[in-house]
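Requesting a structural model of the entry that follows:
(2 chains)
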Protein chains: 2
Amino acid sequence: MAQWIDGAALAQQVRETVKQRVAEMTRQLHRPVYLTAVLVGGTAAGELYAQRQRDACKAVGIEYELITLPHDADKEMVSRRIKQLNEDAAVTGIMLHLPLPEHLNATELQYQINPVKDVEGVNPANIGYVVYGQTLIAPCTALAAIELIKSTGVPIRGAEAVVVGASQIAGRPIALLLSEQMATVTLCHIATRDLAAHTRRAEILVVAVGKPNLITADHVKEGALVIDVGINRITLPDGTKKTVGDVDFAAVEPKAAYITPVPGGVGPMTVAMLLRNTLRSAELLSR
Amino acid sequence: MAQWIDGAALAQQVRETVKQRVAEMTRQLHRPVYLTAVLVGGTAAGELYAQRQRDACKAVGIEYELITLPHDADKEMVSRRIKQLNEDAAVTGIMLHLPLPEHLNATELQYQINPVKDVEGVNPANIGYVVYGQTLIAPCTALAAIELIKSTGVPIRGAEAVVVGASQIAGRPIALLLSEQMATVTLCHIATRDLAAHTRRAEILVVAVGKPNLITADHVKEGALVIDVGINRITLPDGTKKTVGDVDFAAVEPKAAYITPVPGGVGPMTVAMLLRNTLRSAELLSR
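As a prediction, this is how the structure comes out:
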């Protein structure tokens, strides 16, 4: 049976390390590590999410400020606000809540964020730095996947790695980070003809599609390390709801050497990576 | 026997299209399409290369200006010059000749170039836009490889593609562009354990390592499309010099369906892509 990779416990360790360094930084800088989040168009879901972020930041000593702009804020208004935050020395980190209202282009606005303050690592320049092997701030979900892999001690260099799902926010950055760590990486997606032929080669298999039970025992090599990035809310036959990943956990667990549960795997680690990135931004700024 | 992909002839077609559009743009804008190249520390090789660029630009109606900065120019001096060029409305394209003197960091300076004027597509933000599937200006060598593949009519979507070599300037961007076109891409490199096992799966094989005869007939699938990005200067037993790629051409040619010769394949197409990118910058600026 596979060993579970306990994302919640590992995230707790990360938070403790971050908390300690944030306290040191705050003393050194004589001001707090300060994350400003911009939410365009306040919805109940958006505000609940922001509240959770505030709590997560507070728990490690990071100040959190939420700026809510009106739903009809235009590109110039959001840009101007980002520019102010870039220039505000008290603000050490900036993030833009997604999704944005339809009239706004996320990438265009993320590009405005000073790469050093870009705690989500989503400014295209930060993605480019990853490609260049000069990572400044990498995307949180991708970092979470890499940290979970590293926690097992399985070597990444030279490993056969297969990433399923080529999304901007998860699959592509994960493939880039694995490649930066010198794995031989294959990126599979909707147009891949024989998915199982690829996944069966994988010593490290990362799945980030958003489709329950996409990966069955048949897709997995004996002894593989399996990271399940998917978070899907499904309804069981008896009407109850459940959160599952993209991997058929019960079927794959006996075959894999390591596996992340959903929930409790990549999810909590992603939140911890946002905190670690926020610390990193403050550290980069103080140099 | 493989059909040769004639990079020189295809480059000529590209140049003709570019020439026509440059003439139209010049009339529309009432000013030329204008590329400024920055060379830090004039060496004979650097200046010869710049002279060739000037000739290539002139042939399609693009104005070319070379700015030579002293060998000991510091980061601030180069940055300031780039900033001036960003702000100069007459300059529609900017490129920075590499290699730079050792005290300068290429990526840091390339990041200063306005992404729209970045005709080499090397600003990390432009790399990031490729990852995001929102390509503005892509790197020339990678574009050349893709154009040569497209010229054959072999479909890229869903194809098994293997890229050998993970350099910043060639292998990585090529893998990204192939992935953007929905090939299933594997990126191999120095740490790849069984290179031949990967390359033998490839319907599209792109090699960008810089090592003569790295790829033999044994590495290639029957009927593959082979793009050889390598340019190596070797000395034959009789003392004469010869330019060869990374592929053992004589051995692989009978097995492949399509193959690029070296010289005459990717090389001339890369120069043509620089011209096309320079046109594209001017077009983007005029919007």
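
you'd agree A:Thr26 is up against A:Gln20?
No - at 11.0 Å, A:Thr26 does not count as touching A:Gln20 under the criterion of Cβ atoms under 8 Å. Bear in mind the C-beta positions are built from the backbone N, C-alpha and C, glycine included.

What are the buried residues along the worst-scoring helix or strand of chain A on mean pLDDT?
The helix or strand of chain A with the lowest confidence, counting by mean pLDDT, DSSP states H and E, is helix A:44-59 at a mean of 92. By neighbour count on 16 or more other Cβ atoms under 10 Å in any protein chain shown, the buried set for helix A:44-59 is A:46, A:50, A:53-54, A:56-57.

Just the endpoints, please. Distance across stretch A:207-222?
Its start and end residues considered, stretch A:207-222 measures 16 Å (Cα to Cα, to the nearest Å).

contact partners of it?
Stretch A:207-222 has contacts (Cβ atoms under 8 Å, 6 or more residues apart in numbering or on different chains) with A:141, A:145, A:163-165, A:167, A:170-171, A:174, A:195-196, A:199-203, A:205, A:226-232, A:234, A:244-248, A:251-252, A:254-256.

Out of those, which sit inside helices?
A:141, A:145, A:171, A:174, A:195-196, A:199, A:251-252 (DSSP state H).

hmm, which of those are the buried ones?
Buried among the ones in helices among the contacts of stretch A:207-222 (16+ other Cβ under 10 Å): A:141, A:145, A:171, A:174, A:195, A:199, A:252.

The residue nearest to the fourth one when sequence neighbours are not counted: how many residues sit nearby?
Just to be clear, that refers to A:Ile174. Residue nearest to A:Ile174 in three dimensions, not counting chain neighbours: A:Ala142, with 4.5 Å by Cβ to Cβ, 6 or more residues apart in numbering or on different chains. Neighbours of A:Ala142 under the rule other Cβ atoms under 10 Å in any protein chain shown: 28.

picking up where we left off before, with distance to chain B as new columns, can the buried residues of helix A:44-59 be given to me in TSV?
Output for the buried residues of helix A:44-59, formatted as TSV (distance: Cβ to the nearest Cβ, whole Å):
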residue	distance to chain B
A:Gly46	23
A:Ala50	24
A:Gln53	24
A:Arg54	29
A:Ala56	27
A:Cys57	26
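
per-residue pLDDT, A:Leu177?
Looking at A:Leu177, its pLDDT reads 97.

Got the phi and psi for it?
Dihedral pair for A:Leu177: phi -70, psi -40, per degrees, to the nearest 10.

Next, count neighbours for it.
23.

okay but it is in contact with A:Cys140, surely?
No - at 11.4 Å, A:Leu177 does not count as touching A:Cys140 under the criterion of Cβ under 8 Å.

ok, the residue lying farthest from the centre of chain A to chain B distance?
Within chain A, the residue lying farthest from the chain centre (Cα atoms, centre = their mean) is A:Asp238, at 32.5 Å. Per Cβ to the nearest Cβ, to the nearest Å, A:Asp238 is found 39 Å from chain B.

same question, A:Val38
Counting by Cβ to the nearest Cβ, the gap from A:Val38 to chain B is 19 Å.

quick one: that residue from A:Val14, how far?
As for A:Val38, its distance to A:Val14 is 25 Å (criterion: Cβ to Cβ, to the nearest Å).

hmm, back to that, any chance of the ones in helices among the contacts of stretch A:207-222 in CSV, plus pLDDT?
Shown next, in CSV, are those (pLDDT from 0 to 100):
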residue, pLDDT
A:Thr141, 97
A:Ala145, 98
A:Gly171, 97
A:Ile174, 98
A:Leu195, 98
A:Ala196, 98
A:Thr199, 98
A:Ala251, 98
A:Val252, 98
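
who in the stretch 51-200 of chain A is up against chain B?
A:107, A:111, A:123-129, A:131-134, A:157-158, A:160, A:166, A:168, A:172-173, A:176, A:179, A:182-193, A:198 (Cβ under 8 Å from any Cβ of the partner chain).

Spell out for me the PyMOL command that would select the buried members of the residues you listed.
Of those, the buried ones can be selected in PyMOL as follows, counting by 16+ other Cβ under 10 Å:
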select buried, chain A and resi 107+111+123+124+125+126+127+128+129+131+132+133+158+160+166+168+172+173+176+179+182+183+184+185+186+187+188+189+192+198
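
Correct me if wrong: A:Ala257 contacts A:Gly223.
Yes - the pair A:Ala257 / A:Gly223 is scored as a contact, 4.6 Å apart, by Cβ under 8 Å.

These two - which one has more neighbours?
A:Ala257 (16 against 12).

ok, the more buried one - contacts?
Taking Cβ under 8 Å, 6+ apart as the test, what A:Ala257 contacts is A:2-3, A:154, A:223-225.

which among those gets closest to chain B?
Closest approach between the contacts of A:Ala257 and chain B, by Cβ to the nearest Cβ: A:Val154, at 14.4 Å.

Spatially, and excluding backbone neighbours, which residue is closest to that closest one.
Counting by Cβ to Cβ, 6+ apart, the residue nearest A:Val154 is A:Leu225, at 5.2 Å.

Break chain A into its domains for me.
A:30-114, A:140-266 (automatic domain parsing).

Cool, thanks, talk later.
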